[in-house]
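Trainee: Whatever this is, show me its structure:
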Amino acid sequence: MPEDFVQRAKAQMGAIEQLLKGLPGISGYIDKELRRDADKRVRESIAALLEQSKGALTAVQGQLLKGGGLALMDDVDEVAVKLQTLIDRVKTASYGYAGFFDPVRIKEERLNALHRFDMAMAQQVGNIGQAIAVLAQAVEQKADISAAVAQVGKVVSDMSSLFDKRREAIMSPDLLDKPGYAPDIHNDPDAVG
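Mentor: Prediction:
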């Protein structure tokens with residue numbers, strides 16, 4: 001997903017940007033700025049997908065109210081608040097690295113590690129959507145609703161923890177140099193590392 005945004009940004013570069021990109025020392029800056037823009041767009045996409053999941057969760061809340069599941073509304077509301085908090089945090093996240101003229105610059109390897117965090121978060125969004133779909137089905141069938149609510153809460157908490165770890169890495173970039181700190185990315189879209 002981020003690679004698509006970077007490729008699109010490169011394709012839209014004007015003649016002056018292409019010329020500047022050819023100058024020594026400037027190429028890396030332009031590439032970093034493209035990655036910075038792609039990083040922001042990836043996070044905006046993740047937030048938008050999370051918003052869709054929140055809409056699905058709101059629909060489930062409506063089903064619960066209609067079906068007499070008032071006793072579980074507090075649990076679902078708690079999960080909805082966690083999800084909204086995560087959405088807000090993703091929307092307002094730092095870009096992931098310092099600009100060209102900032103006193104601290106992050107190495108390319110660290111950018112790649114941050115990219116793995118974003119890819120893992122994108123995978124987690126799918127897990128959240130699946131868990132909400134299972135909850136909707138449980139509400140419809142009036143079976144195992146509590147377990148389904150707990151599962152939605154767990155996957156939202158898992159993604160929030162992943163996001164916390166990413167934020168810590170931005171604050172302390174040396175963490176990205178530790179083997180295993182950044183998640184592994186699997187080819188299976190349902191797998192989260």
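Trainee: what residues are up against the nearest residue to Ser157 once chain neighbours are set aside?
Mentor: Nearest residue to Ser157, sequence neighbours excluded (C-beta to C-beta, 6 or more residues apart in numbering): Lys82, at 6.8 Å. For glycine as for every other residue, the C-beta is placed from the backbone atoms N, C-alpha and C. Neighbour list for Lys82: Gly153, Val156, Ser157, Ser160 [criterion: C-beta atoms under 8 Å, 6 or more residues apart in numbering].
Trainee: next SSE after the lowest-mean-pLDDT helix or strand in the chain?
Mentor: Least confident helix or strand of the chain, by mean pLDDT, DSSP states H and E, is helix 15-21 with a mean of 44. Counting by DSSP states H and E, the next helix or strand C-terminal to helix 15-21 is helix 27-66.
Trainee: In which helix or strand does the spatially most central residue of the chain reside?
Mentor: The centroid of the chain falls nearest to Met121 when counting by C-alpha atoms, centre = their mean (3.8 Å). When elements are assigned from DSSP H and E, Met121 belongs to helix 108-141.
Trainee: helix or strand right after that helix?
Mentor: Proceeding N to C from helix 108-141, the next assigned helix or strand is helix 145-171, under DSSP H and E.
Trainee: In terms of secondary structure, what does that next one contact?
Mentor: Counting contacts by 3 or more C-beta pairs under 8 Å, 6 or more residues apart in numbering; DSSP states H and E, helix 145-171 is packed against helix 73-91, helix 108-141.
Trainee: Now do the last one against helix 145-171, angle only.
Mentor: Taking axes from the mean of the first three to the mean of the last three C-alpha atoms, to 10 degrees, one finds helix 108-141 and helix 145-171 inclined to each other by 170 degrees.
Trainee: Ramachandran angles for Asp184?
Mentor: Dihedral pair for Asp184: phi -80, psi 150, per degrees, to the nearest 10.
Trainee: again with Lys178
Mentor: With angles defined as degrees, to the nearest 10, Lys178 sits at phi -80, psi 130.
Trainee: Packing partners of the helix holding Met121?
Mentor: Counting by 3+ C-beta pairs under 8 Å, 6+ apart, helix 108-141 packs on helix 2-11, helix 27-66, helix 145-171.
Trainee: Great, nothing more from me.
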